[in-house]
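A.B. asks: A structural model of the following input is requested.
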Amino acid sequence: MADEFDLESLVHLEQTFYDTGHEDGFAHGRIHGLIEGRALGREKGFEMWEELGFYQGFARMWQAIYTKQGRQDERAAHHSKHLLDLIAQFPRVNPSPSDPAFAALDIPKLFRQIRSRYKALCSTLGVRPSLRAAAAAETSPPPPAVKDDAQPEEDGAMEVGSVWKLESQPKKPLGPNLDF
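C.D. replies: Okay, here's the model as predicted:
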């Protein structure tokens with residue numbers, strides 16, 4: 001009977017359950033991490049390519065305008081050509097770390113160069129740049145500061161309402177001699 005009873009497994013019972021739960025949780029988390037990572041990558045990739053497509057269309061449009069008008073503005077042509085060259089360097093497939101062609105590729109640096117060249121082209125053309133990444137962050141509306149039904153008081157100041165609905169209305173101040 002002594003051979004059947006393992007005292008060592010009883011001593012480490014809690015650790016055994018912990019290790020089993022950790023292994024199961026790790027496997028489950030890995031699967032869901034891959035799924036969420038792919039979804040996030042798809043979303044961010046779409047945002048990046050939307051921005052790059054805007055810059056490419058902008059540069060091609062101005063190249064076509066200058067070609068059709070017969071204008072030879074060297075600075076604008078140089079900036080648009082260089083912008084299109086930088087966009088052409090951007091990888092169209094997922095770069096592999098083992099591939100020597102993509103080993104030295106720094107995507108954030110290339111993206112900064114593309115944005116800088118776009119700003120330079122806009123400056124040369126006298127056009128206000130439309131930064132696509134910054135515009136997406138500014139789309140959230142500001143929080144309301146004044147109630148819709150705010151009425152001017154006797155002294156001309158606007159009464160600002162509360163954000164939270166109160167059961168009883170706040171009392172107006174009694175005057176300069178406040179009595180608590």
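A.B. asks: Give me the mean pLDDT for the longest helix belonging to the chain.
C.D. replies: When the chain is parsed with DSSP state H, its longest helix is helix 13-69. Across helix 13-69, the average pLDDT comes to 91.
A.B. asks: tell me what it is packed against?
C.D. replies: Packing partners of helix 13-69 (3 or more C-beta pairs under 8 Å, 6 or more residues apart in numbering; DSSP states H and E): helix 74-89, helix 107-125, helix 132-137. Every residue, glycine included, has its C-beta placed from N, CA and C.
A.B. asks: Of these, which is nearest E4?
C.D. replies: Of all the helices and strands packed on helix 13-69, the one in closest proximity to E4, counting by C-beta to C-beta, is helix 107-125 (61.4 Å).
A.B. asks: buried residues in the closest one?
C.D. replies: Of all the residues in helix 107-125, those buried under the rule 16 or more other C-beta atoms under 10 Å are 111, 114-115, 117-118, 120-122, 124-125.
A.B. asks: any idea of the angle it forms with helix 74-89?
C.D. replies: Angle between the axes of helix 107-125 and helix 74-89 is 160 degrees (criterion: axes from the mean of the first three to the mean of the last three C-alpha atoms, to 10 degrees).
A.B. asks: So what's the model's average confidence on helix 107-125?
C.D. replies: Helix 107-125 comes out at a mean pLDDT of 93.
A.B. asks: Can you show me the CA trace of that helix as CSV?
C.D. replies: Only the C-alpha atoms of helix 107-125 are listed here, as CSV (Å, rounded to 0.1, in the frame of the first residue of the first chain):
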residue,chain,number,x,y,z
ILE,A,107,9.2,51.2,-41.9
PRO,A,108,8.6,54.1,-39.4
LYS,A,109,11.7,55.9,-40.7
LEU,A,110,10.5,55.5,-44.3
PHE,A,111,7.0,56.7,-43.3
ARG,A,112,8.5,59.8,-41.7
GLN,A,113,10.5,60.5,-44.8
ILE,A,114,7.4,60.2,-47.0
ARG,A,115,5.4,62.6,-44.7
SER,A,116,8.3,65.1,-44.7
ARG,A,117,8.6,65.0,-48.5
TYR,A,118,4.8,65.4,-48.8
LYS,A,119,5.0,68.5,-46.5
ALA,A,120,7.9,69.9,-48.7
LEU,A,121,5.9,69.3,-51.8
CYS,A,122,2.9,71.1,-50.3
SER,A,123,5.1,74.0,-49.2
THR,A,124,6.5,74.3,-52.7
LEU,A,125,3.1,74.3,-54.3
